[in-house]
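Asks: Sequence first, predicted coordinates after that:
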Amino acid sequence: MIVILSLLAAKLFLDHRDSEGNIIDVTYTGSQSNSQIHVGKDTKISPFLNAQGGNTAEFAELLDSMVELRNGLGHDDHQYMAQAVQDVERNLINFDDKIVDDMGELSAIMVRMDTVRAHDEDYHIALDQRLANDLDVDMSNAIMRLTQISTAYQAAMQVGANLLNTSLLNYL
């Protein structure tokens, strides 16, 4: 119970509000576990980046750098603006490989989702075809076949019963 409460208490995004309750800023705090959703029959995936080991906290730093860039570009002091742009540029270059890796991870998830979707579509088409074949049965033909199979089954049971009744004494 304590684990569940601590998971509910941790928010992925912290909203910062002014005195009137309007959202003025949002902070991404990262996640410690991966959310999963069903995308197909017996298939669950996480459509988000892997959160284990503080992996998404680095993404939060990237977002903070971009906010710093926005604030630096809006500043009146040109020297401060140039320094902010240089600092953020350095941070963004450091995050470049991480972003490419994360884009590859998300692309792999999208490919898996497309594969599951295609598989489920094929499954539903096959199921629809089977239902159509079962519903389009000629009733008189089905009754005649059922009668033939039932007669053959009864004959086989009668032969089996006659064979089981024979014993060595019947031959003597």
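Replies: That came in fine, so what should we check first?
Asks: now the residue sitting nearest the centre point of the chain, nearest residue through space, not along the chain?
Replies: In the chain, the residue lying closest to the centroid (C-alpha atoms, centre = their mean) is I45, at 3.0 Å. Using C-beta to C-beta, 6 or more residues apart in numbering and skipping residues adjacent in sequence, the residue nearest I45 is V39, 5.6 Å away. (C-beta placed from N, C-alpha, C; glycine too.)
Asks: In three-state terms, how would the one you found be classified?
Replies: Recorded secondary structure, V39: strand (DSSP: H, G, I helix; E, B strand; the rest coil).
Asks: Would you agree M66 is in contact with V88?
Replies: Yes - using C-beta atoms under 8 Å, M66 is in contact with V88, at 7.3 Å.
Asks: So for stretch 133-141, mean pLDDT?
Replies: Averaged across stretch 133-141, pLDDT comes to 77.
Asks: Contacts for it next, please.
Replies: If you take C-beta atoms under 8 Å, 6 or more residues apart in numbering as the criterion, stretch 133-141 is touched by no other residue.
Asks: CA atoms only: put it into CSV for me.
Replies: C-alpha atoms of stretch 133-141 as CSV (Å, rounded to 0.1, in the frame of the first residue of the first chain):
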residue,chain,number,x,y,z
ASN,A,133,-18.3,-19.2,-43.9
ASP,A,134,-20.1,-20.5,-40.8
LEU,A,135,-23.1,-18.2,-41.2
ASP,A,136,-23.5,-18.9,-44.9
VAL,A,137,-24.2,-22.6,-44.4
ASP,A,138,-26.9,-24.3,-46.4
MET,A,139,-29.2,-25.7,-43.7
SER,A,140,-30.6,-28.7,-45.7
ASN,A,141,-27.0,-29.7,-46.7
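Asks: returning to that earlier point: more neighbours: M66 and V88, which one.
Replies: Using other C-beta atoms under 10 Å, the more surrounded residue of M66 and V88 is V88, with 20 against 14.
Asks: Secondary structure class of the more buried one, three-state.
Replies: helix.
Asks: cool, and H75?
Replies: Per three-state DSSP, the local secondary structure of H75 is coil.
Asks: can I assume it is in contact with V85?
Replies: No - counting by C-beta under 8 Å, H75 sits too far from V85 to count as a contact (10.2 Å).
Asks: which residues in the protein form helices?
Replies: For the chain, helices defined by DSSP state H occupy the ranges 2-9, 55-73, 78-135, 139-165, 168-171.
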